[in-house]
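A.B. asks: just to be clear, the model below is a prediction. Sequence and coordinates:
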Amino acid sequence: MLKKNAIISELTWRDSGGQEHTLAQYSRHKAVVFFFYPMDFTRVCTGQACYFRDVYGEIAAQGGVVFGVSLDDDATHEKFRTHHRLPYALIYDHDRALSKKFGTLWLWGLWRNKRVTYIIRPSDGKIMDVIHAERDAQVHADRVLAYLRTSSL
């Protein structure tokens, strides 16, 4: 896994709706948040995604933008997003490029992501915090909020 204070450069990704994103386009935000998770429609992952949904308004108001990342395909992501009314984009990491770059992959019968959240300052690509907690899914969004509340642009 990448560590706190590492620098991410030239990052580009596509969300499950087909929109392409770059880190540079969010340079006026305090943070770009990637939360990597194993799989849509599982108990802990659903809880994590829904908690990010529940606090998303404050995250956005504080200058954060959130992306959920797993290896589930676009169709599964869209069903998951619609079913749980998720206000943020999900990323189908079809070639595992993001997961490899961030070091979140693990093999458990099938390739899956570890439950890891990265808070990135988009102005310079610096990783401001890394949260790795497999069972306590709520701590991920709580730490994002704590960072946003105490940081400046």
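C.D. replies: Cool, the structure landed.
A.B. asks: can you pull out the strands in the chain?
C.D. replies: Secondary structure of the chain (DSSP state E): strands located at 12-14, 20-22, 31-36, 64-70, 89-92, 105-108, 110-113, 116-121, 126-132.
A.B. asks: sheet-wise, list the partners of the fifth one with their directions.
C.D. replies: Strand 89-92 has these partner strands in its sheet, going by DSSP bridges: strand 64-70 (parallel).
A.B. asks: for the helix or strand bottoming out on mean pLDDT in the chain, buried residues please.
C.D. replies: Here the helix or strand of the chain ranked lowest by mean pLDDT, DSSP states H and E is strand 105-108, holding a mean of 80. By 16 or more other CB atoms under 10 Å, the buried positions in strand 105-108 come out as residue 105. All C-beta spots, glycine's among them, are computed from the backbone N, C-alpha and C.
A.B. asks: list of residues touching that strand?
C.D. replies: 38, 96, 99, 111, 112, 113, 114 (CB atoms under 8 Å, 6 or more residues apart in numbering).
A.B. asks: may I see the residues you listed arranged in JSON lines, with distance to residue 55, neighbour count and pLDDT as well?
C.D. replies: Formatted as JSON lines, the contacts of strand 105-108 follow (distance: CB to CB, whole Å; neighbours: other CB atoms under 10 Å; pLDDT from 0 to 100):
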{"residue": "38", "distance to residue 55": "21", "neighbour count": "21", "pLDDT": "93"}
{"residue": "96", "distance to residue 55": "28", "neighbour count": "13", "pLDDT": "92"}
{"residue": "99", "distance to residue 55": "24", "neighbour count": "23", "pLDDT": "94"}
{"residue": "111", "distance to residue 55": "29", "neighbour count": "13", "pLDDT": "82"}
{"residue": "112", "distance to residue 55": "25", "neighbour count": "20", "pLDDT": "86"}
{"residue": "113", "distance to residue 55": "21", "neighbour count": "23", "pLDDT": "91"}
{"residue": "114", "distance to residue 55": "22", "neighbour count": "18", "pLDDT": "92"}
